[in-house]
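Engineer: Show me the folded form of this:
(one chain, ligands or ions: 1)
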Amino acid sequence: PASLAGKTVLITAAAQGIGRASALACLAAGADVVATDIQTSGLESLMDEAPPSTRLRTARLDVRDTDAINALAAALPPLHGLFNCAGFVHHGSVLDCDEAAWDFSMDLNVKSMLRTLRAFLPGMLAESQRTGAGASVLNMASMASSVKGFPLRFAYGATKAAVIGLTKSIAADYVRQGLRCNALCPGTVDTPSLRGRIAAAPDPAQAEKDFIARQPMGRLATVADIAPLVVFLLSDASRFITGQAVSVDGGVTI
Ligand code: NAD
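Structural biologist: Now for the predicted structure:
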């Protein structure tokens with residue numbers, strides 16, 4: 001398995017779902033993990049769940065708050081890995097999406113990455129130059145993006161397509177400086193927010209069936225299907241991979 005020994009990795013939206021599972025997987029791979037989220041109760045329970053021998057620190061961090069991101073970057077040692085996981089699913093078509101909803105999704109799903117990249121990249125590049133070891137950024141996109149269109153994912157698909165474009169641009173700019181940047185494109189993953197979307201549907205049982213029906217393998221992904229790929233892409237085991245939108249979608253895009 002890929003090792004993250006000696007590396008410090010920061011993860012956004014790490015209190016639940018994919019971010020949380022990724023934090024635990026990075027700890028198991030030997031990383032020093034900085035798990036951040038706005039949901040402090042989730043960070044506390046993550047701290048309880050992390051094995052005592054592992055090196056976890058948690059911090060409340062709103063990815064919409066530039067000053068808080070800059071302050072955290074100033075307080076931390078340089079990172080070797082950054083996983084921008086925070087994101088929100090707007091449910092609806094273009095006619096369901098007013099300017100406020102669009103701005104919220106773009107801010108949380110895309111501009112958040114501008115903020116963390118501007119705050120953490122200088123330290124990552126300097127550290128990579130100093131040690132000769134690579135640095136890796138992983139940005140959360142989705143199969144619902146430039147990869148594939150889905151009904152009622154207008155704002156969401158647009159933001160995740162932007163994440164893929166942003167990722168390729170970062171990869172191109174820093175490919176000679178030891179910094180890699182990739183995007184992750186999961187299929188439908190069973191997480192608390194997916195359960196919330198199912199519960200909010202007019203017919204929740206049917207909504208769950210519909211989510212499963214769009215997965216050719218006949219089941220939803222679990223976070224355990226995704227976290228090992230996060231570790232791999234943050235680790236030096238993926239040292240020849242950059243600028244890629246990596247799909248882990250159970251065959252949706254076959
Ligand atoms: P989730 O949606 O269940 O949890 C999201 C977490 O983000 C929560 O802990 C929440 O507190 C945190 N968060 C919300 N606003 C925040 C903010 N402003 N600053 C910091 N943290 C904030 O988790 P999930 O379903 O695993 O989704 C994580 C990411 O994966 C998202 O970017 C999502 O779009 C993406 N994704 C999810 C799926 C899926 O099916 N679940 C599929 C593809 C991509």
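Engineer: so which strand or helix has residue 27?
Structural biologist: Element membership for residue 27, per DSSP states H and E: helix 17-28.
Engineer: Compute the inter-axis angle for the helix or strand just after that helix and helix 17-28.
Structural biologist: Downstream of helix 17-28, the first helix or strand assigned by DSSP H and E is strand 32-37. Going by axes from the mean of the first three to the mean of the last three CA atoms, to 10 degrees, strand 32-37 is angled at 160 degrees with respect to helix 17-28.
Engineer: Please list the outside residues in contact with strand 32-37.
Structural biologist: 7-16, 19-20, 23, 26-27, 43, 46, 54-61, 72, 76, 79 (CB atoms under 8 Å, 6 or more residues apart in numbering). Quick note: C-beta positions are derived from backbone N, CA and C, even for glycine.
Engineer: In contact with residue 249, which residues?
Structural biologist: Per CB under 8 Å, 6+ apart, neighbours of residue 249: 143, 185-187, 215, 221.
Engineer: what about stretch 29-42, average pLDDT?
Structural biologist: For stretch 29-42, mean pLDDT is 98.
Engineer: ok, it near the ligand or not?
Structural biologist: Yes - contact of stretch 29-42 with the ligand (CB under 6 Å from any ligand atom) involves 37-39, 42.
Engineer: The closest residue to residue 25 other than its chain neighbours: how many residues sit nearby?
Structural biologist: Distances taken as CB to CB, 6 or more residues apart in numbering put residue 227 closest to residue 25, at 3.8 Å, once the chain neighbours are dropped. For residue 227, the count of nearby residues is 21 (other CB atoms under 10 Å).
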